[in-house]
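Chemist: Sequence first, predicted model second:
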Amino acid sequence: MNDKIYPLQFDPILKERIWGGEKLKTMLGKPIISSITGESWELSTVKGDVSVVANGSLKGKSLMAVIAEMPKEVLGTEVHARYGDQFPLLFKYLDARQDLSIQVHPNDELARKRHNSFGKTEMWYVMQADSDAKIIVGFKDDSNPAEYLSHLKDKGLLSILDAITVSEGDVFFLETGTVHAIGAGLLIAEIQQTSDITYRIYDFDRVDAQGNTRELHVDLALEAINYNKVDTRKEYLEEENQANPIVNCPYFTTNFIPLSKETTITKTGNSFTVYMCVSGEFELEYAMTIYKYKKGDTVLIPAAMDYYVLSGKASILEIYIS
């Protein structure tokens, strides 16, 4: 038995944001030291923000180093064939005490041409929502660059964007080009391509502690935006102890597992799996060792782990590449 193959957890990479708060600590137990902590990067290989293993024999090693040492065992045979030694996804928890900026992400082609980066397709799972909390996802009706620019100039952009009231358990899938913003009062689990390319198009004229506004990327965003109305909400079943499909796209597959009893999992070795515990607690038994997880934990299951057992009472997001 390879003692380097086991469920991997990582030290959270905590990010201060002008819109952040303290829910990452009060609700998820993250070790924040700032009252404006907006993001916990759970699993990342973004340059300058590479995750470090927090448990077991690989503790202290970066995710990049672990992949370099055991690429197929960690990533999976098919993921490695497609992406090489790159880890193609980024996992976060977000706490929006205030509204986030209105923004858009470029697709793969545009991101590669401009930034030598992946694009940024992403999904949101709402873990907690204050009363009347909203998100913005796309346009109310089909629009066009001229209408968009006119409303942006007149500070009337919100009037043509689709604002949706959300609650715990809601899921939204945002393809690249979708204008969007997370509203105040939301705690969200986010799954996305490995990319930190964001075009900020409107920030409510906010200023930081030094009186500075944040940079906008209006010109860059113009070509990236999808001006058509889009349907982003994803409906899904909640059958207990089953992997209920939520999203299946070229970049990732996400299932919802309402766990209530011992459940055996078998994998093919084609892809790694990531579990994000969005409520409750669960245990994972592998190679006669038991690993324990709680709400807010994220765990990377190397592709070489092809058989293990889950137990407990929890709601879990299961993510892999198919």
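Modeler: Ah, there it is.
Chemist: Strands along the stretch 101-250 of the chain, start to end?
Modeler: 102-104, 122-129, 134-139, 161-165, 171-174, 180-182, 186-193, 199-202, 244-248 (DSSP state E, counting those that start in this stretch).
Chemist: Tell me where the model's unsure across the stretch 1-150 of the chain.
Modeler: 1 (pLDDT under 70).
Chemist: Would you mind finding the most buried of the strands of the stretch 101-250 of the chain?
Modeler: Highest mean neighbour count of the strands of the stretch 101-250 of the chain: strand 180-182, a mean of 25 (counted as mean count of other Cβ atoms under 10 Å). C-beta here means a position set from N, CA and C on the backbone, and glycine is covered the same way.
Chemist: Mean confidence (pLDDT) on it, please.
Modeler: The pLDDT scores in strand 180-182 average 98.
Chemist: check contacts around Pro31.
Modeler: Contacts for Pro31 (Cβ atoms under 8 Å, 6 or more residues apart in numbering) come out as Pro12, Leu14, Lys25.
Chemist: swap in Val74?
Modeler: Taking Cβ under 8 Å, 6+ apart as the test, what Val74 contacts is Val66, Ile67, Phe272, Leu300, Pro302, Ala303, Ala304.
Chemist: from the residues you listed, which is closest to Gly48?
Modeler: Within the contacts of Val74, proximity to Gly48 (Cβ to Cβ) peaks at Ile67, which comes in at 17.1 Å.
Chemist: How is the closest one assigned, secondary-structure-wise?
Modeler: Secondary structure state of Ile67, per DSSP: H, G, I helix; E, B strand; the rest coil, is helix.
Chemist: For burial, what's the neighbour tally of it?
Modeler: Residues within reach of Ile67, counting by other Cβ atoms under 10 Å, total 21.
Chemist: Also His115?
Modeler: Neighbour tally, His115, other Cβ under 10 Å: 14.
Chemist: In contact with the closest residue to Arg206 other than its chain neighbours, which residues?
Modeler: Once flanking residues are discounted, Arg206 sits nearest to Ile18: 6.4 Å by Cβ to Cβ, 6 or more residues apart in numbering. By Cβ under 8 Å, 6+ apart, the contact set of Ile18 is Ile36, Gly38, Gln98, Arg206, Asp208, Arg214.
Chemist: unless I'm mixing things up, the second one is touching Glu22, no?
Modeler: No - with contact defined as Cβ atoms under 8 Å, Gly38 does not reach Glu22; the gap is 10.4 Å.
Chemist: Looking at those two now, which is surrounded by more residues?
Modeler: Gly38 (25 against 15).
Chemist: Assumed that one was part of a strand.
Modeler: Yes - assigned with three-state DSSP, Gly38 falls within a strand.
Chemist: residue contacts, it?
Modeler: So Gly38 contacts Lys15, Glu16, Arg17, Ile18, Trp19, Gly20, Gly21, Leu94, Asp95, Ala96, Arg97 (Cβ under 8 Å, 6+ apart).
Chemist: got a winner among the contacts of Ile18 for most neighbours?
Modeler: Counting by other Cβ under 10 Å, top hit in those: Gly38 with 25 neighbours.
Chemist: pLDDT score assigned to the closest residue to Thr253 other than its chain neighbours?
Modeler: Counting by Cβ to Cβ, 6+ apart, the nearest residue to Thr253 once its immediate chain neighbours are dropped is Ser322, at 4.6 Å. At Ser322, the model reports a pLDDT of 94.
Chemist: now Gly211
Modeler: Predicted confidence (pLDDT) for Gly211: 85.
Chemist: Angles on the backbone of it, please.
Modeler: phi 80, psi 10 (degrees, to the nearest 10).
Chemist: same question, Lys72
Modeler: phi -70, psi -30.
Chemist: what residues are up against it?
Modeler: His80, Ala303, Ala304.
Chemist: Narrow the contacts of Gly38 to those in helices?
Modeler: Using DSSP state H, the subset of the contacts of Gly38 located in helices is empty.
Chemist: Okay, domains of this structure per the record?
Modeler: 13-224, 244-320 (automatic domain parsing).
Chemist: End to end on the first one, go ahead and measure it.
Modeler: End-to-end span of domain 13-224 (Cα to Cα, to the nearest Å): 28 Å.
Chemist: do the same with stretch 289-298
Modeler: End-to-end for stretch 289-298, by Cα to Cα: 18 Å.
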